[in-house]
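Undergrad: Only the shape, not the letters, is given here:
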């Protein structure tokens with residue numbers, strides 16, 4: 001098991017620096033030129049004979065922007081290649097082409113054979129790339145997992161899961177599912193894998209403890225899989241850097257597929273033109289060459305990219321600890337309110353905060369929580385007290401607005417800087433109804449634990465308020481030494 005001591009997940013800033021070492025040579029200008037030419041030819045075919053309902057669906061897809069994610073574009077290219085190969089099979093040729101009524105038709109048949117061979121080769125390269133990349137990621141992750149029975153169980157579980165997914169695909173195809181249906185299912189399966197990883201990375205409380213100590217998942221690995229595919233996470237740098245050439249190739253292969261579809265449906269009433277396959281052949285040559293070049297390039301980039309880097313390289317060790325935290329400065333005589341909108345009963349609200357201490361003296365800040373339900377009734381959830389730091393959670397038994405208040409109204413001169421994180425945890429479908437137990441670093445009450453993911457799906461509002469004159473100021477100094485089972489830190 002490889003050590004993760006002193007390591008943090010790769011950051012977007014690191015990837016930007018890393019990708020600077022791997023510039024991608026621009027695509028040939030022929031890509032855009034031939035794509036535009038094929039699209040013009042498609043317009044001519046539609047003007048000759050209006051598009052069918054099925055062709056209109058394809059036209060809408062061609063006119064849309066390609067997917068944003070790199071891996072989704074890979075699947076989209078694979079789907080389009082398979083669709084083209086389907087059209088190129090002898091059994092799917094137009095009847096007029098099968099008759100081979102002229103020398104030109106025979107020449108076109110030979111061309112179709114060459115086209116089929118090129119695309120088959122590209123498809124094999126793409127499938128191999130995806131399989132190798134998936135295996136590389138899994139094996140890299142496994143180097144940081146326990147090399148004992150736990151690692152073996154994880155491998156067995158993965159193999160079983162992949163067999164089940166393949167069985168789903170086989171069943172769909174056997175039932176007559178289309179190529180589009182197959183790839184829709186393949187992408188849904190890919191997103192399900194991603195959701196499972198995100199859930200694991202977002203684990204907290206008892207579940208996080210089990211993952212870390214019983215299953216042996218290092219915390220830094222959980223951090224990695226939680227953030228790696230975020231819309232604005234590290235992979236966004238990859239999308240911005242290498243996405244544009246891939247998007248152009250996706251548009252090109254979609255245009256080729258659309259042109260073939262239109263051409264096939266019109267050959268009964270239309271004679272083949274020399275331009276039909278001269279442009280098509282040039283487009284296929286350019287597409288397969290450039291796409292294979294991109295796959296080879298991105299494969300090298302992926303295989304050399306680390307998952308983790310030294311904390312010092314990412315910034316500082318404390319940067320990782322507080323990457324999800326926010327800081328607020330509360331002037332003397334004022335307070336800061338944070339409102340969390342809870343829509344579902346049995347959701348959990350969790351908090352963790354501490355003061356950034358000044359050089360002259362120790363400080364504390366007032367803290368309380370109240371709920372305003374849908375009828376407008378306000379209920380105190382956590383009474384006002386003063387802390388240097390606190391951490392806890394509670395079960396929201398009713399929907400409403402839950403207001404967390406940091407109060408510095410009693411201070412005459414000193415502002416307070418609070419570093420905090422607040423999460424709303426949606427209810428787990430199979431969980432029992434929870435009781436309104438508050439688990440807090442200062443509380444002597446029984447702590448209520450929960451194996452759910454910290455998924456920030458609640459609406460959060462921030463505002464700085466003037467003090468409430470009638471506030472009861474109960475003074476009690478608290479220690480900074482605390483832990484809660486619910487947060488697992």
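TA: Arrived safely, thanks for sending. As the structure is a computational prediction, the values presented were derived from the model and not from experiment. Residues are numbered from 1 along each chain as shown.

Undergrad: Go through the helix ranked longest in the chain and flag the buried ones.
TA: Of all segments of type helix in the chain, defined using DSSP state H, the longest is helix 103-142. Buried residues in helix 103-142, counted by 16 or more other Cβ atoms under 10 Å: 105, 108, 111-112, 115-116, 118-119, 122-123, 125-126, 129-130, 133, 141-142. For every residue, glycine as well, the C-beta is placed using N, CA and C.

Undergrad: Stretch 404-413 too?
TA: 404-411.

Undergrad: do stretch 415-424 as well
TA: 416, 418, 420-424.

Undergrad: Strands along the stretch 201-350 of the chain, start to end?
TA: Counting by DSSP state E, counting those that start in this stretch, the stretch 201-350 of the chain has these strands, from start to end: 308-310, 326-330, 335-342, 347-355.

Undergrad: Please identify the most buried of those.
TA: Highest mean neighbour count among the strands of the stretch 201-350 of the chain (mean count of other Cβ atoms under 10 Å): strand 347-355, with a mean of 22.

Undergrad: Remind me what it packs against, helices and strands.
TA: strand 365-373, strand 389-396, strand 400-407, strand 416-425 (3 or more Cβ pairs under 8 Å, 6 or more residues apart in numbering; DSSP states H and E).

Undergrad: quick one: the helices in the chain?
TA: 12-19, 29-48, 53-63, 70-88, 95-99, 103-142, 149-174, 179-201, 205-209, 219-227, 234-266, 274-304, 311-314, 317-321.

Undergrad: Out of the ones you listed, name the one with the poorest average pLDDT.
TA: In terms of mean pLDDT, the lowest-scoring of the helices of the chain is helix 317-321 (a mean of 43).

Undergrad: I'd like to know which of the strands of the stretch 201-350 of the chain is closest to residue 99.
TA: Counting by Cβ to Cβ, residue 99 lies closest to strand 308-310 out of the strands of the stretch 201-350 of the chain; the figure is 62.5 Å.

Undergrad: any idea of the mean pLDDT for the closest one?
TA: pLDDT averaged over strand 308-310 gives 57.

Undergrad: give the contact list for the nearest residue to residue 76 once chain neighbours are set aside.
TA: Of all residues not flanking residue 76 in the chain, residue 250 sits nearest, at 5.5 Å (Cβ to Cβ, 6 or more residues apart in numbering). Applying Cβ atoms under 8 Å, 6 or more residues apart in numbering to residue 250 gives the contacts 66-67, 73, 76-77, 80.

Undergrad: tell me which of those residues is nearest to residue 337?
TA: The closest of these, once distances to residue 337 are taken by Cβ to Cβ, is residue 67, at 40.2 Å.

Undergrad: What is the neighbour count of residue 387?
TA: 23 (other Cβ atoms under 10 Å).

Undergrad: What distance do you get for the nearest residue to residue 344 once chain neighbours are set aside to residue 350?
TA: Distances taken as Cβ to Cβ, 6+ apart place residue 427 nearest to residue 344, at 5.4 Å, with adjacent residues excluded. Going from residue 427 to residue 350 by Cβ to Cβ, to the nearest Å gives 14 Å.

Undergrad: can you check residue 371 too?
TA: Residue 371 is 15 Å from residue 350, by Cβ to Cβ.

Undergrad: thinking again about what came up before, got a markdown table for the buried residues of stretch 415-424, with distance to residue 294 and pLDDT too?
TA: Conversion of the buried residues of stretch 415-424 to a markdown table gives the following (distance: Cβ to Cβ, whole Å; pLDDT from 0 to 100):
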| residue | distance to residue 294 | pLDDT |
| --- | --- | --- |
| 416 | 53 | 90 |
| 418 | 48 | 91 |
| 420 | 44 | 90 |
| 421 | 40 | 88 |
| 422 | 43 | 89 |
| 423 | 40 | 82 |
| 424 | 41 | 81 |
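
Undergrad: ok, which pair from those residues is furthest apart?
TA: Maximum distance among the buried residues of stretch 415-424 (Cβ to Cβ): 24.3 Å, for 416 and 424.

Undergrad: out of the helices of the chain, which comes closest to residue 378?
TA: helix 205-209 (28.7 Å).

Undergrad: Now render the contacts of residue 250 as TSV, adding distance to residue 378 and neighbour count.
TA: Formatted as TSV, these follow (distance: Cβ to Cβ, whole Å; neighbours: other Cβ atoms under 10 Å):
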residue	distance to residue 378	neighbour count
66	50	19
67	46	18
73	51	18
76	52	22
77	56	24
80	58	24
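
Undergrad: Specify which member of those is nearest to residue 60.
TA: residue 66 (13.5 Å).

Undergrad: Give me the buried positions along stretch 249-269.
TA: Neighbour count says stretch 249-269 has 249-263, 265, 267 buried, by 16+ other Cβ under 10 Å.

Undergrad: Could you do stretch 284-301 as well?
TA: Buried residues in stretch 284-301 (16+ other Cβ under 10 Å): 284, 286-288, 290-295, 297-299, 301.

Undergrad: How about residues contacting it?
TA: 19, 22, 24, 27-28, 30-31, 34, 70, 77, 115, 118-119, 121-122, 125-126, 129, 132-133, 242, 245-246, 249, 252-253, 256.

Undergrad: Distance across stretch 171-180, terminal residue to terminal residue?
TA: 15 Å (Cα to Cα, to the nearest Å).

Undergrad: Farthest pair within the contacts of residue 250?
TA: 67 and 80 (12.2 Å).

Undergrad: quick one on the thing from earlier: mind checking the helices and strands packed on strand 347-355 for the one nearest to residue 94?
TA: strand 416-425 (58.3 Å).

Undergrad: Neighbouring strands of the closest one in the sheet, and parallel or not?
TA: Note on strand 416-425: by DSSP bridges, its sheet partners are strand 326-330 (antiparallel), strand 347-355 (antiparallel).

Undergrad: re the thing from before, any chance of TSV for the buried residues of stretch 415-424, columns distance to residue 274?
TA: Listed next are the buried residues of stretch 415-424 as TSV, based on distance: Cβ to Cβ, whole Å:
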residue	distance to residue 274
416	79
418	74
420	71
421	67
422	68
423	65
424	65
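
Undergrad: Identify, from the residues you listed, the entry nearest to residue 338.
TA: residue 422 (6.1 Å).

Undergrad: what's around residue 427, how many residues?
TA: 18.

Undergrad: wait, residue 396
TA: 25.

Undergrad: Residue 342 versus that one, what's the distance?
TA: 5 Å.

Undergrad: who touches both of those two?
TA: With Cβ under 8 Å, 6+ apart as the test, residue 396 and residue 342 both reach 349, 402.

Undergrad: burial of the nearest residue to residue 92 once chain neighbours are set aside, as a residue count?
TA: Nearest residue to residue 92, sequence neighbours excluded (Cβ to Cβ, 6+ apart): residue 86, at 6.2 Å. By the criterion of other Cβ under 10 Å, residue 86 has 14 neighbours.

Undergrad: wait, doesn't residue 86 sit right on residue 179?
TA: Yes - at 6.3 Å, residue 86 counts as touching residue 179 under the criterion of Cβ atoms under 8 Å.
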